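Asks: here's my sequence, what's the structure:
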Amino acid sequence: MTESSAPRLDPPPVPIKTERLELRYITPADIDGLRYYTDPEVCRYLPFPPADEAALVTRVANMASRMAPSEPDEALALGVVQDGDLVGDLMLRLRTRADDQSPPAVAEVGWCFAPSHAGRGLATEAATALITLAFDYYPLHRIYASLDPRNERSAALCERLGMTREAHLRRDFPEPDGSWTDTVTYGLLREEWPQG
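Replies: Residues are numbered from 1 along each chain as shown. Got it, this is the predicted structure:
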């Protein structure tokens, strides 16, 4: 693998405040707020199983280290806080770059929210803020989300964000039980983002 000569990017301007929410870096102290990752129903469509206590500690530590992505496959993890309570988290993972001298121009977004906070528009508000940050701060020309097509809530969120359903890959993701599930990809170009 060729080493990149692209300059490192500075950490993004965090925290971000929206009408009802604050998006901030995750810390190890957020472990109790992130316990929704132990819920099998929450993890049903995620690419990893529900966490036991040791796995949750490791997951939170990894999320807390994701503060200043600059290279492909590095990620930004943000906690979503409402009235002092952590209600969900967001991820922006940098992906493809045009060449070794350029920062990544494509990124993947993802989200997870505590079921007790579903149905109030919080995910839409938080994801809108994340995508605005992604296009305003990073030199991205494209953002995408990959999800299990049975995850109707995430698909609806992608559509509320103005993302286009671009692909449906059949049986491309291995499940722990040896079966294969499909993946749907939604995409959004910089010029399609109305807040940009």
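
Asks: you'd agree residue 112 is in a strand?
Replies: Yes: checked against DSSP: H, G, I helix; E, B strand; the rest coil, residue 112 lies within a strand.

Asks: how many neighbours does it have?
Replies: A count of nearby residues for residue 112, using other Cβ atoms under 10 Å, gives 18. C-betas here are computed from N, CA, C, even on glycine.

Asks: any stretches of the chain with poor pLDDT?
Replies: Along the chain, segments meeting pLDDT under 70 span 1-3, 195-196.

Asks: relative to residue 4, how far out is the closest residue to residue 74 other than its chain neighbours?
Replies: Sequence neighbours aside, residue 94 is the residue nearest to residue 74 in space, at 5.6 Å (criterion: Cβ to Cβ, 6 or more residues apart in numbering). The gap separating residue 94 from residue 4 is 11 Å, by Cβ to Cβ, to the nearest Å.

Asks: where do the contact lists of these two overlap?
Replies: Common contacts of residue 94 and residue 4 (Cβ atoms under 8 Å, 6 or more residues apart in numbering): residue 71.

Asks: neighbour count winner among these two?
Replies: Legend: neighbour count by other Cβ under 10 Å for residue 94 and residue 4, higher for residue 94 (23 against 17).

Asks: list the helices and strands the longest helix along the chain packs on?
Replies: Ranked by residue count under DSSP state H, the longest helix found in the chain is helix 122-137. With contacts taken as 3 or more Cβ pairs under 8 Å, 6 or more residues apart in numbering; DSSP states H and E, helix 122-137 sits against strand 22-25, strand 75-82, strand 85-94, strand 106-113, strand 142-147, helix 152-160.

Asks: tell me the most buried of these?
Replies: Comparing the helices and strands packed on helix 122-137 by mean neighbour count (mean count of other Cβ atoms under 10 Å), strand 75-82 comes out on top with a mean of 23.

Asks: give me the angle between it and strand 85-94.
Replies: On the basis of axes from the mean of the first three to the mean of the last three Cα atoms, to 10 degrees, strand 75-82 is oriented at 160 degrees to strand 85-94.

Asks: use 702 as the first number for this chain going forward.
Replies: Let's use 702 as the start, then, which means that last one is strand 776-783.

Asks: quick one: strands adjacent to strand 776-783?
Replies: Sheet pairing of strand 776-783 (DSSP bridges) gives strand 723-726 (antiparallel), strand 786-795 (antiparallel).

Asks: Throw these into a markdown table and include distance to residue 863, thanks.
Replies: Listed next are the strands paired with strand 776-783 as a markdown table, based on distance: least, Cβ to Cβ, whole Å:
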| stretch | distance to residue 863 |
| --- | --- |
| strand 723-726 | 19 |
| strand 786-795 | 17 |
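
Asks: residue 713: which of those is closest?
Replies: strand 786-795 (8.7 Å; Cβ to Cβ).

Asks: flag every buried residue along stretch 747-756.
Replies: Within stretch 747-756, the residues scored as buried using 16 or more other Cβ atoms under 10 Å are 751-752.

Asks: that's all I had, so thanks and see you.
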